[in-house]
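J.: Generate a structure from the sequence data that follows.
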Amino acid sequence: MSGIEQAALTELWQQRWPGCPPVGHRLRGPYRDVWVRFHSLPESKRYAQDESEYAVVLDRYNTVLDELFAGTDVYVITPVWTREPDVPPHRPNAGYWKSLLVEDDPESDFRTYYHLFVTRRPWQRGCIDDLLRSIADDEVTDVLITDIQLQRIHLPYDGGADVFLNTPEERDRMRHRHAGWLSSHPGGL
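T.: Below you'll find the predicted structure:
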């Protein structure tokens, strides 16, 4: 990404998600009114144990992603966590966006930096299945998938996905369509 593209994406993020950095787990608090969580497997099972369960996981991820992004381009935003402020080498086919100090500490060994890399691609069902499978296995974390206007966010994690939509009404419609994938926890977790 060029410096202009980095600045434009940062400005767009700040307009759409003010007061919250592009760190997935921090979105749920301030944007709870447009948030819904779907579980990847029946009965809220967290990890797939065989190929048939991986098929269910990928189908649920892709079904929601299709509803959010079919026919559009998406940004796949992938973080690299480090203890140093220096930007690590770029990920293949991804441009560097920005770095954040997410855990500040007087002791430098305990500081955590979050370096964000962005790939823009046309959304097609299955186009990031390898990445989604790595997320389902907890090998990769905190990936954000969003339309290029940053209106909707899909945050897959090992066990499900947090989805952030435009309005509470849109969230409710999606929640209703996939009611069988919701948690029985009163807080939706």
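
J.: is it true that residue 163 touches residue 174?
T.: Yes: applying CB atoms under 8 Å, one finds residue 163 in contact with residue 174, separated by 6.7 Å. Where C-beta positions appear, they are placed from N, C-alpha and C, glycine not excepted.

J.: so what sits against both of the two?
T.: The contact sets of residue 163 and residue 174 overlap at 36, 64 (CB atoms under 8 Å, 6 or more residues apart in numbering).

J.: higher neighbour count, these two?
T.: residue 163 (25 against 18; other CB atoms under 10 Å).

J.: for the more buried one, what are its contacts?
T.: 35, 36, 37, 38, 64, 68, 152, 153, 154, 155, 171, 174.

J.: Residue 132: which of these is nearest?
T.: For the contacts of residue 163, the minimum distance to residue 132 (CB to CB) is 10.0 Å, reached by residue 154.

J.: Test my guess that that closest one contacts residue 145.
T.: Yes: with contacts counted by CB under 8 Å, residue 154 reaches residue 145, the gap being 4.4 Å.

J.: Between these two, which contacts overlap?
T.: Common neighbours of residue 154 and residue 145 (CB under 8 Å, 6+ apart) are 65, 69.

J.: quick one: average pLDDT of stretch 67-81?
T.: For stretch 67-81, mean pLDDT is 95.

J.: Name the surrounding residues that touch it.
T.: 9, 22-23, 88, 91, 94, 97, 112-123, 125, 128, 131, 140-148, 150, 152, 154, 163, 174, 177.

J.: where do the helices sit along this structure?
T.: 3-16, 24-27, 51-69, 129-136, 168-177 (DSSP state H).

J.: Which of those comes out lowest on mean pLDDT?
T.: helix 24-27 (a mean of 87).

J.: Buried ones in that one, by neighbour count?
T.: 24, 27 (16 or more other CB atoms under 10 Å).

J.: what does stretch 127-143 give?
T.: Buried-residue list, stretch 127-143, by 16+ other CB under 10 Å: 128, 131, 132, 133, 134, 135, 136, 140, 141, 142, 143.

J.: contacting residues for the closest residue to residue 77 other than its chain neighbours?
T.: The shortest distance from residue 77 to any non-neighbouring residue, by CB to CB, 6 or more residues apart in numbering, is to residue 144 (4.2 Å). By CB under 8 Å, 6+ apart, the contact set of residue 144 is 22, 24, 75, 76, 77, 153, 154, 155.

J.: ok, the fifth one to residue 119 distance?
T.: Translated: residue 77. 8 Å (CB to CB, to the nearest Å).

J.: Between those two, tell me which one has more neighbours.
T.: Higher neighbour count among residue 77 and residue 119: residue 77, with 23 against 16, using other CB under 10 Å.

J.: quick revisit: looking at the helices of the chain, spot the one closest to residue 159.
T.: Of all these, helix 129-136 comes closest under CB to CB, at 8.0 Å.

J.: The closest one to helix 51-69, inter-axis angle?
T.: 110 degrees (axes from the mean of the first three to the mean of the last three CA atoms, to 10 degrees).
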